[in-house]
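[1] Predicted model and sequence below, questions to follow.
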Amino acid sequence: MKNYKKDPALEMPTPAEVGGLSGSSALTTLLTDAIKNIYWVENKLVMTLPALRDQATTPQLKMVIQQHLVQTQNHVTRLEEVFLLLGVEAQGNESKAMSGLLEDCDTIVNGTPPGSMTRDAGIIMAAQQVEHFEIATYGSLVELSRTLGFRQIAGLLHATLDEEKMADQGLSLIARTGINWSAEHEPVDENSNSN
Ligand SMILES: [Fe+2]
């Protein structure tokens, strides 16, 4: 088992440890089901991010997506460690929310001219929508794990939460420091087909 950076909050006693909860099987089921959803999400993103990277134009955006692809592969591995700790077989259940976000992503990208800064701005927006979904999900999963006294699982999920937040900040940074401005100033091609 790998060691991950510890968040001081994770050192606090959990409700289960101080006797506030004796452990709820329904809550454990809720956690396990949500882990199966995010496992499906991470695997889906491993398949989807290469295409998104290839649709981007600027080297900075390609690099941010590529870096997050490598992190995402690691998120899959971490979740497999979580399944092991839960004593549950690793399996994914479709997240309809993420399926919808990825459909929206296609719509956004296809609605912009290829090779344009506007398309890059759209890719950033779609990628941030995905990141915010993941941040919300992992944030909840960390708290559920802590409540149940699953300290090691909380640590693993928290490591991923930190990386999702960093990816989101990286996207904001490249939008703010060039891509959005370039998109706003690029000439409008009346004849361009967006696909
Ligand atoms: Fe992720």
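    Happy to help now that I have it.

[2] need the next SSE after the host helix or strand of residue 82, C-terminal direction.
    According to DSSP states H and E, residue 82 maps onto helix 59-86. Toward the C-terminus, helix 59-86 is succeeded by helix 96-110 as the next helix or strand (DSSP H and E).

[3] What mean pLDDT does that following helix get?
    Computed over helix 96-110, the mean pLDDT rounds to 94.

[4] Report all helices and strands that it contacts.
    helix 25-55, helix 117-147 (3 or more C-beta pairs under 8 Å, 6 or more residues apart in numbering; DSSP states H and E). (Each C-beta comes from the backbone N, C-alpha and C, glycine too.)

[5] So for residue 153, which of those sits nearest?
    helix 117-147 (4.5 Å; C-beta to C-beta).

[6] Could you check the angle the closest one makes with helix 25-55?
    If you take axes from the mean of the first three to the mean of the last three C-alpha atoms, to 10 degrees, helix 117-147 sits at 160 degrees to helix 25-55.

[7] chain center to helix 117-147, what's the gap?
    Using C-alpha atoms, centre = their mean, to the nearest Å, the mean C-alpha position of helix 117-147 is found 5 Å from that of the whole chain.

[8] Then stretch 89-107?
    11 Å.

[9] Pull out the buried positions in that stretch.
    Across stretch 89-107, burial judged by 16 or more other C-beta atoms under 10 Å covers 90, 92, 95, 98, 101, 102, 105.

[10] With stretch 152-161 instead?
    Residues 153, 154, 155, 156, 157, 158, 159, 160, 161 are the ones in stretch 152-161 that count as buried (16+ other C-beta under 10 Å).

[11] got the CA coordinates for that stretch in PDB?
    Extracted C-alpha coordinates of stretch 152-161, given in PDB (Å, rounded to 0.1, in the frame of the first residue of the first chain):
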ATOM      1  CA  GLN A 152      -7.100   4.700   5.300                       C
ATOM      2  CA  ILE A 153      -9.800   5.000   2.700                       C
ATOM      3  CA  ALA A 154     -10.400   8.600   3.500                       C
ATOM      4  CA  GLY A 155      -6.600   9.200   3.000                       C
ATOM      5  CA  LEU A 156      -6.700   7.700  -0.400                       C
ATOM      6  CA  LEU A 157      -9.700   9.600  -1.500                       C
ATOM      7  CA  HIS A 158      -8.400  12.800  -0.100                       C
ATOM      8  CA  ALA A 159      -5.200  12.400  -2.200                       C
ATOM      9  CA  THR A 160      -7.300  12.300  -5.300                       C
ATOM     10  CA  LEU A 161      -9.500  15.200  -4.100                       C
END
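
[12] when you scan it, is anything in it near the ion?
    No - applying C-beta under 5 Å from the ion, one finds stretch 152-161 separated from the ion by no less than 5.9 Å.

[13] Show me what the mean pLDDT comes to for that stretch.
    95.

[14] excluding its backbone neighbours, what's nearest residue 78?
    residue 156 (4.9 Å; C-beta to C-beta, 6 or more residues apart in numbering).

[15] Surely the one you found is in contact with residue 84?
    No - using C-beta atoms under 8 Å, residue 156 makes no contact with residue 84, being 10.2 Å away.
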